[in-house]
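Undergrad: quick one: sequence plus predicted model below, questions after.
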Amino acid sequence: MVEDIVEMRAGSMARLFEEITETRKTVSGVYVSPEASLSCAAVLACVRVLSESVASLPFNVYRRLPGGGKEIAEDLPLQEILAYQPNDWMSSFEWRELMQSWLLLWGNAYSLIKPGRRGAVDQLIPLHPSRMVVERLKNGRLRYSYSEPNQTTPTIYTQDQIFHLRFLSQDGVTGYVPTVLCRDAIGLARATELHSGAYFGHGARAGTIIETDQPQKPETLERLRRTWDDMHRGPTQGSKTAVLPAGMHVKELTQNNDTDRLLETRRFQNEAVCMAYRVPPSMIGEMTKSSYNSVEQQSLDFVTFSLIPHLRRWEGACRRDLVVDDKQYFCAYDVNALMAGDYAARSTYFKEMNLLGVLSINEIRSREGLNPIDDGDKRFIQLNMQLLGAFTEANPAGGQAPAAPSGATIAESQPAATAEGAPTESARSAEVLFRQTLRKLSAIEFNGIIERRTKPAKLKAWLEGHEERMKTELLDAAIATGRDITAFIADWTKASREMLLDCHRSGVPYEEAEESWMKRANLSDD
């Protein structure tokens, strides 16, 4: 009876082992597991490019500011853990690279949340996913059972003790194993690699048959086969000379890899692995169907469609498992460096953002890795823009308002001041706006005169129209600075006509008067 029980158990274990190996054996005959799949060059390249990209991006804990915006929470211990050193022996890059590679190979990645001197999250200790079993309890919580090496009893952890990254999942508890989902594609890619290696390892020969005219003992045939293999196996052994016993003949097998489409098959399987991991082929060195322009677009697609989903997994898992006050703090990756493009595209982007007032000079320098400069935090914006609601049927020009009391002249026009005599901040801003608009209008006026200088009738009509335009565009800024726009434009127009008359009398070319024409728009404060 004991012998029967032992035999049954042995048979059960044998069948169990056979079942496990068969599930990991592909149709191509290659054994595929999460670790073995790294032997496939395409899988290794995809895992590396995704893991290293995730690990190399800046990953910080941010604090939400009361008025909107964010800042890096450098005073928070979790910032030190995630951005620099999660445990005593690993850097942030090494830990994130390891966790991301586990996610891509095993479909799950785990770390023990260890409390300590820095609070509830003092260290993050990686736990290998092959030893972890996850259960969902009746109360909806998760329980983690981890089998430590050299221990018979698994260690039980609660949901609050484990940081868990999961891949595409069927039940929301554990993720699918990517290398199992696409094991046939990986197996075929690996099979073509093994075939190529074996083919060149045998001296680029498909195989050899040794025929004999006389019956031979099996021992003699086996010894002859070993001798032949020892002499001709390997890339440097194919040209050696062999001496065969009498009655034996060599027959070479023929195989044409071109006919078998070996290179096309290997290339297609690399693309199939890239398809499974959603990585552009150019990112793993497959450039057959790529051009310079397509590679640049594929790099942007890699960030948008390949990398960002994984980054969102990280950010969501940190919010769920690590951040306590998620209304005030959050974790986020910075992908601006990857989306910047080349120097021309980056400079154009920074220029537009600076002109719109979105980025200051110091913010641009910070993104380029440069130190800040004095007064580099000021923002600038282009002028002469009005609200859309200012343009109505009654007011087609927009921005019209009642004229201010008369009495001021160009020389007397100065920014509005406070009771103590110093201009207010709003008055200084209005003065800057007024002078910049005036310079633009002065340039338009001078160019218009140059174009119509030989046509007095048209010049007179154009100057009258330009005078009305100046009243419209300078009105709001003039009111904010305390100027009388009617008197100001009257004085300005009078000065323009006097300068025209001087040019006409003296015979000085109009182009030579441009400097003095533009200089008067500076409105000296003397």
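TA: Great, that's in hand.
Undergrad: going forward, measure contacts and count neighbours with C-alpha atoms only.
TA: Will do.
Undergrad: what is the one helix or strand Ala477 maps to packed up against?
TA: Under the criterion of DSSP states H and E, Ala477 resides in helix 456-481. Judged by 3 or more CA pairs under 8 Å, 6 or more residues apart in numbering; DSSP states H and E, the packing partners of helix 456-481 are helix 425-452, helix 485-506.
Undergrad: which of those sits most buried?
TA: Comparing the helices and strands packed on helix 456-481 on average neighbours per residue, with mean count of other CA atoms under 10 Å, the densest one is helix 425-452 at a mean of 17.
Undergrad: tell me where the model's unsure across the stretch 401-526 of the chain.
TA: Within the stretch 401-526 of the chain, the set of residues satisfying pLDDT under 70 comprises 401-430, 432-433, 436, 507-508, 510-518, 521-526.
Undergrad: can you report how many residues neighbour Phe163?
TA: In terms of burial, Phe163 registers 20 neighbours under the definition other CA atoms under 10 Å.
Undergrad: hang on, Val177 packs against Gly107?
TA: Yes - between Val177 and Gly107 a contact is recorded at 4.4 Å, counting by CA atoms under 8 Å.
Undergrad: what's the overlap in contacts for the two?
TA: With contacts defined as CA atoms under 8 Å, 6 or more residues apart in numbering, the residues shared by Val177 and Gly107 are Phe167.
Undergrad: returning to that earlier point: same list (the helices and strands packed on helix 456-481) but as CSV, adding distance to Tyr329.
TA: Conversion of the helices and strands packed on helix 456-481 to CSV gives the following (distance: least, CA to CA, whole Å):
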stretch, distance to Tyr329
helix 425-452, 35
helix 485-506, 52
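Undergrad: and those helices: which comes nearest Ala345?
TA: helix 425-452 (28.8 Å; CA to CA).
Undergrad: returning to that earlier point: and of the helices and strands packed on helix 456-481, who's closest to Leu370?
TA: Taking CA to CA as the criterion, Leu370 comes closest to helix 425-452 out of the helices and strands packed on helix 456-481, the separation being 29.5 Å.
Undergrad: past whichever helix or strand Ala344 is part of, which element shows up next along the chain?
TA: With secondary structure defined by DSSP H and E, Ala344 is part of helix 343-355. Counting by DSSP H and E, the next helix or strand C-terminal to helix 343-355 is helix 361-367.
Undergrad: tell me where the stretch 251-400 of the chain has helices.
TA: In chain order, the stretch 251-400 of the chain shows helices spanning 262-277, 292-301, 308-321, 336-339, 343-355, 361-367, with DSSP state H, counting those that start in this stretch as the criterion.
Undergrad: go through these and name the closest to Pro149.
TA: For those, distance to Pro149 was read as CA to CA. The smallest value, 25.4 Å, belongs to helix 308-321.
Undergrad: may I see the buried residues of the helix holding Ala344?
TA: With burial defined by 16 or more other CA atoms under 10 Å, the residues of helix 343-355 counted as buried are Phe350, Met353, Asn354.
Undergrad: and Cys40, how many neighbours does it have?
TA: Cys40 has 21 neighbouring residues, counting by other CA under 10 Å.
Undergrad: do you know the pLDDT at it?
TA: Taken from the predicted model, the pLDDT recorded for Cys40 is 87.
Undergrad: now the phi/psi pair for it, please.
TA: phi -80, psi 120 (degrees, to the nearest 10).
Undergrad: now for it: which residues touch it?
TA: When the contact criterion is CA under 8 Å, 6+ apart, the partners of Cys40 are Ile186, Ala189, Arg190, Glu193.
Undergrad: who wins for most neighbours among those residues?
TA: Counting by other CA under 10 Å, top hit in these: Ile186 with 31 neighbours.
Undergrad: which SS class is that one?
TA: Reducing the assignment to helix, strand or coil with DSSP: H, G, I helix; E, B strand; the rest coil, the entry for Ile186 is helix.
Undergrad: ok, so what distance separates it from Phe268?
TA: Relative to Phe268, Ile186 is positioned 11 Å away (criterion: CA to CA, to the nearest Å).
Undergrad: measure the residue of the chain most remote from its centre to Met248 for me?
TA: The outermost residue of the chain, judged by C-alpha distance from the chain's mean C-alpha position using CA atoms, centre = their mean, is Gln214 at 71.3 Å. According to CA to CA, Gln214 stands 8 Å off from Met248.
Undergrad: how many neighbouring residues does Gly357 have?
TA: When counting by other CA under 10 Å, one arrives at 15 neighbours for Gly357.
Undergrad: identify the residues contacting it.
TA: Residues in contact with Gly357 (CA under 8 Å, 6+ apart) are Arg379, Phe380, Ile381.
Undergrad: for Gly29, same thing?
TA: Contacts of Gly29 by CA under 8 Å, 6+ apart are Gly187, Ala191.
Undergrad: ok so it is a strand residue?
TA: No - using three-state DSSP, the assignment for Gly29 is coil, not a strand.
Undergrad: phi, psi of it?
TA: phi 90, psi 10.
Undergrad: mind jotting down where the helices sit in the stretch 51-200 of the chain?
TA: Under the criterion DSSP H, counting those that start in this stretch, the stretch 51-200 of the chain contains helices at 77-83, 92-106, 178-181, 183-201.
Undergrad: and those helices, which is most packed in?
TA: Of those, helix 92-106 is the most buried (mean count of other CA under 10 Å), at a mean of 23.
Undergrad: contact partners of that helix?
TA: So helix 92-106 is contacted by 34-35, 47-48, 50-52, 54-56, 81-86, 108-110, 126, 129-130, 165-167, 176-179 (CA under 8 Å, 6+ apart).
Undergrad: at 7 Å instead, please
TA: Defining contact as CA atoms under 7 Å, 6 or more residues apart in numbering, one finds that helix 92-106 is touched by 34, 47, 51-52, 55-56, 82-86, 108-109, 129, 165-167, 177-179.
Undergrad: ok, back up a step: the inter-axis angle of the helix holding Ala477 versus helix 485-506?
TA: 140 degrees (axes from the mean of the first three to the mean of the last three CA atoms, to 10 degrees).
Undergrad: where does pLDDT dip in the stretch 201-350 of the chain?
TA: Along the stretch 201-350 of the chain, segments meeting pLDDT under 70 span 201-208, 228, 230-244, 246-247, 249, 251-262, 287, 289-296, 337, 339-343.
Undergrad: can you tell me, leaving aside adjacent residues, what's nearest to Lys378?
TA: Ser360 (6.0 Å; CA to CA, 6 or more residues apart in numbering).
Undergrad: count of neighbours near Pro58?
TA: 17.
Undergrad: hang on, it packs against Tyr333?
TA: Yes - under the criterion of CA atoms under 7 Å, Pro58 is in contact with Tyr333, at a separation of 5.8 Å.
Undergrad: give me the mean pLDDT for stretch 27-37.
TA: Within the predicted structure, the mean pLDDT of stretch 27-37 is 83.
Undergrad: in that stretch, what counts as buried?
TA: Residues of stretch 27-37 classed as buried under the neighbour-count rule (16+ other CA under 10 Å) are Ser28, Val30, Tyr31, Val32, Ser33, Pro34, Ser37.
Undergrad: now do the SS call for the fifth one.
TA: Spelled out, that is Ser33. The assignment at Ser33 comes out as coil when based on three-state DSSP.
Undergrad: gap between it and Ser145?
TA: Applying CA to CA, one obtains 22 Å for the distance of Ser33 from Ser145.
Undergrad: ok, which stretches of the stretch 51-200 of the chain are strands?
TA: Here the stretch 51-200 of the chain has its strands, by DSSP state E, counting those that start in this stretch, at 59-64, 70-72, 108-116, 119-127, 132-136, 142-146, 155-158, 162-166.
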